[in-house]
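Enquirer: sequence unknown, structure follows:
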Ligand code: HEC
Ligand code: HEC
Ligand code: HEC
Ligand code: HEC
Ligand code: HEC
Ligand code: HEC
């Protein structure tokens, strides 16, 4: 990440909005015009190096939000940012969570209990530093010695692979163990000590679409990886400390580490040919982040079926056995909600209900149960589950908001009001809590309170904070 500079001018049109980019001596600005209103936001930070694309972050009242536009190198122009592609009327209200920054920033200072509020200095390091791959560096800097620093290449396979997977294996859900957060991961250990990554397994006999799975998942499908097992990892071909001066020769030499003795068919090109052009071709990027460009399946002959049948959710690696069903249950619920697949939510719910007693103080588990109950319109039960989630995580604005939502849906307006107000005390810019609370105020005829809340939000959303 970097601080935004004089970013290029440009414009993006969507069916219902126009977003214009311009710069002046106070920074780079993004103006969004939609339905007769015009709002102007400063682009404060830039996400991504721009090899393929980069996106923008806006700071509003100590909160980080995503810009709906990104710069695309292949088009040399702006377009809608990853995740906004199909949004007709985009806005600047999507939170930049600690989970985003875990993969994109060096070190940052989130405020516990909020989704996207950060300290007055949001980042202590913008770019990804040594410790993200080599572990804590303090004792090494005091007394430089190979024994007090992690060398990724020399770790046991699961811990070694975890170094790159922390950022390059997004999966369909990432579930922290009870009481932990994703950001608690420390290099040197397998991810599963902290969180489990879940992926979607295609049904037997089918191939997942190349675009939707990460480099790690693709590599696992390759015969190279399957036949050489733990001998092969990301570091076999990539060295984070080296930008290959001649990429064709660099990758060829990697292939020949293992294929020097391979007997090629007579018609096969020479050993001096460009291996990756045929076996790891690049697909033209249609959109920006979170899609793979280079085919890491290393096939004999490239095959691009674009269908992506849905299958089972399975862990990339198993978590510690005592968490297996709890973590899978949460993953099923999160993924089911994201994709709108009720059967998956129900499956997750049943799984959690079975293991619930083993985790009597597990706030995240209660919140997952509450979400299914809320969607299933079991408002009283949902409120009970969220009340437990709040009890064991009393500073979470989003869980207070969920409790408020369940109570409001169940007609308990005054209790709902209390919890939604609490959610806004914990995080004054919790947008979903605010919109729920507005509805409750209007329903109960408290129009003064509603107007006051609406004014406060409008003034914050329309006044960009001071430049970092
Ligand atoms: C699991 C790690 C991970 C998470 C979580 C994640 N990203 Fe990314 N993101 C990446 C990686 C890695 C790339 C580079 C493209 C690739 O290889 O997928 C990327 C690409 C991008 C890009 C395009 C710029 C580029 O370098 O290509 C933007 C913008 C972006 N991410 C924003 C976000 C935002 C905002 C969030 C949170 C909502 C987020 N990302 C969450 C790992 C992540
Ligand atoms: C803290 C998160 C993080 C970790 C850890 C990480 N990466 Fe990345 N990596 C990224 C992001 C984000 C990008 C996208 C580049 C950008 O836009 O800044 C990226 C880009 C890359 C690229 C493309 C480089 C380019 O210029 O396009 C390669 C190759 C890569 N990473 C390999 C690895 C390998 C191998 C490891 C493990 C040794 C690793 N990464 C660990 C976050 C990470
Ligand atoms: C994206 C992950 C990543 C980041 C960030 C990173 N490294 Fe590395 N580093 C590696 C990997 C992987 C290796 C092993 C390379 C190999 O041997 O194949 C390595 C190897 C090294 C080695 C050689 C170790 C040995 O015993 O041979 C040194 C020294 C080193 N890194 C220092 C640093 C410093 C200093 C920084 C910060 C400026 C840094 N690294 C940032 C991934 C990373
Ligand atoms: C760590 C060792 C290793 C590396 C590195 C490696 N491979 Fe392989 N690859 C294998 C093994 C083992 C097989 C199984 C067949 C064999 O023994 O030749 C294989 C098989 C293949 C196949 C046949 C695939 C199929 O489905 O029939 C192709 C094509 C291939 N490799 C290309 C490459 C290319 C291109 C590179 C470099 C980008 C590469 N490999 C790097 C170990 C490796
Ligand atoms: C057999 C060699 C090989 C292995 C192993 C390998 N890569 Fe790559 N990777 C490549 C090649 C080749 C490219 C394209 C580089 C280029 O065109 O300059 C690439 C590109 C990338 C990029 C840039 C985005 C893209 O898709 O083009 C990322 C990120 C990346 N690799 C991550 C990983 C990660 C993470 C792993 C381990 C799970 C991994 N790679 C393992 C060969 C490999
Ligand atoms: C012009 C495209 C092209 C280039 C360049 C190329 N290959 Fe191939 N390769 C193929 C094709 C096509 C096949 C499948 C041949 C067949 O099925 O008869 C193949 C097969 C293979 C196999 C499987 C051999 C077997 O019979 O099991 C390996 C391994 C392999 N290539 C590695 C490499 C390496 C390493 C390089 C670079 C030195 C390379 N290839 C360069 C097209 C290419």
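Expert: Ah, there it is. Please read all numbers here as calculations on a predicted model, not as lab measurements. Ligands and ions are numbered 1, 2, ... in the order given.
Enquirer: tell me where the model's unsure across the chain.
Expert: For the chain, the stretches flagged by pLDDT under 70 are 208-212, 284-292, 303-310, 462-468.
Enquirer: do a quick rundown of the strands in it.
Expert: 2-3, 10-13, 17-24, 27-34, 37-43, 45-47, 53-60, 63-72, 77-80, 107-110, 118-125, 173-176, 195-201, 312-315 (DSSP state E).
Enquirer: and the first one, anywhere near ligand 1?
Expert: No - contact between strand 2-3 and ligand 1 is absent, the nearest approach being 11.7 Å (criterion: CB under 6 Å from any ligand atom). Where you see a C-beta, it was placed from the backbone N, CA and C, and this is true even at glycine.
Enquirer: strand partners of that strand, parallel vs antiparallel please.
Expert: strand 45-47 (antiparallel) (DSSP bridges).
Enquirer: go on, the second one?
Expert: Next to strand 10-13 in the sheet, as set by DSSP bridges, lie strand 17-24 (antiparallel).
Enquirer: how far does the strand it pairs with sit from the chain's center?
Expert: 26 Å (CA atoms, centre = their mean, to the nearest Å).
Enquirer: shift numbering so it begins at 38
Expert: Fine by me, first position is 38 from now on; the one you just mentioned is strand 54-61.
Enquirer: distance of the residue lying farthest from the centre of the chain from residue 95?
Expert: The outermost residue of the chain, judged against the average C-alpha position, is residue 303 (46.3 Å), by CA atoms, centre = their mean. From residue 303 across to residue 95, the span is 60 Å (CB to CB, to the nearest Å).
Enquirer: go on, residue 181?
Expert: Taken as CB to CB, the span from residue 181 to residue 95 is 40 Å.
Enquirer: ditto for residue 457
Expert: Using CB to CB, we find residue 457 at a distance of 25 Å from residue 95.
Enquirer: got it, and residue 88?
Expert: 23 Å.
Enquirer: out of those two, which sits in the more crowded spot?
Expert: Comparing residue 88 with residue 95 by other CB atoms under 10 Å, the one with more neighbours is residue 95, at 20 against 8.
Enquirer: which residues does that one bridge with?
Expert: residue 102.
Enquirer: so who does the nearest residue to residue 91 once chain neighbours are set aside touch?
Expert: Using CB to CB, 6 or more residues apart in numbering and skipping the chain neighbours, the partner closest in space to residue 91 is residue 85 (3.8 Å). Counting by CB atoms under 8 Å, 6 or more residues apart in numbering, residue 85 touches 38, 91-92, 107, 141, 326.
Enquirer: so which of these reach ligand 4?
Expert: Of the contacts of residue 85, not one also sits near ligand 4 (CB under 6 Å from any ligand atom).
Enquirer: which residues does the residue minimising distance to the centre of the chain contact?
Expert: Taking CA atoms, centre = their mean, the centroid of the chain lies closest to residue 137, which sits 4.6 Å from it. Applying CB under 8 Å, 6+ apart to residue 137 gives the contacts residue 84.
Enquirer: picking that back up, distance of the residue farthest from the centre of the chain from residue 311?
Expert: For residue 303 relative to residue 311 (CB to CB), the value is 19 Å.
Enquirer: and if you look at residue 429?
Expert: Distance from residue 429 to residue 311, by CB to CB: 57 Å.
Enquirer: which one's more surrounded, these two?
Expert: residue 429 (19 against 13).
Enquirer: give me the number of residues near the nearest residue to the more buried one once chain neighbours are set aside?
Expert: Take residue 429 and drop its neighbours on the chain: the residue closest to it by CB to CB, 6+ apart is residue 400, 4.1 Å away. By other CB under 10 Å, 20 other residues sit near residue 400.
Enquirer: residue 400 against residue 436, yeah?
Expert: Yes - in this structure residue 400 lies within contact range of residue 436 using CB atoms under 8 Å: 6.9 Å.
Enquirer: joint contacts of the two?
Expert: Here residue 400 and residue 436 share the contacting residues 426-427, 430, scored by CB under 8 Å, 6+ apart.
Enquirer: now do the contacts for the residue farthest from the centre of the chain.
Expert: By CB under 8 Å, 6+ apart, residue 303 has no neighbours at all.
Enquirer: give me the phi and psi for it.
Expert: phi -60, psi -30 (degrees, to the nearest 10).
Enquirer: do the one 4 residues further on as well
Expert: Recorded main-chain torsions at residue 307 are phi -70, psi 160, according to degrees, to the nearest 10.
Enquirer: that one: neighbour count?
Expert: 6.
Enquirer: same check on residue 463?
Expert: Neighbour tally, residue 463, other CB under 10 Å: 22.
Enquirer: leaving out chain neighbours, which residue sits closest to the closest residue to ligand 2 within the stretch 338-487 of the chain?
Expert: At 15.3 Å from ligand 2, residue 353 is the closest residue in the stretch 338-487 of the chain, using CB to the nearest ligand atom. The spatially closest residue to residue 353, leaving aside those adjacent along the chain, is residue 234, at 4.4 Å (CB to CB, 6+ apart).
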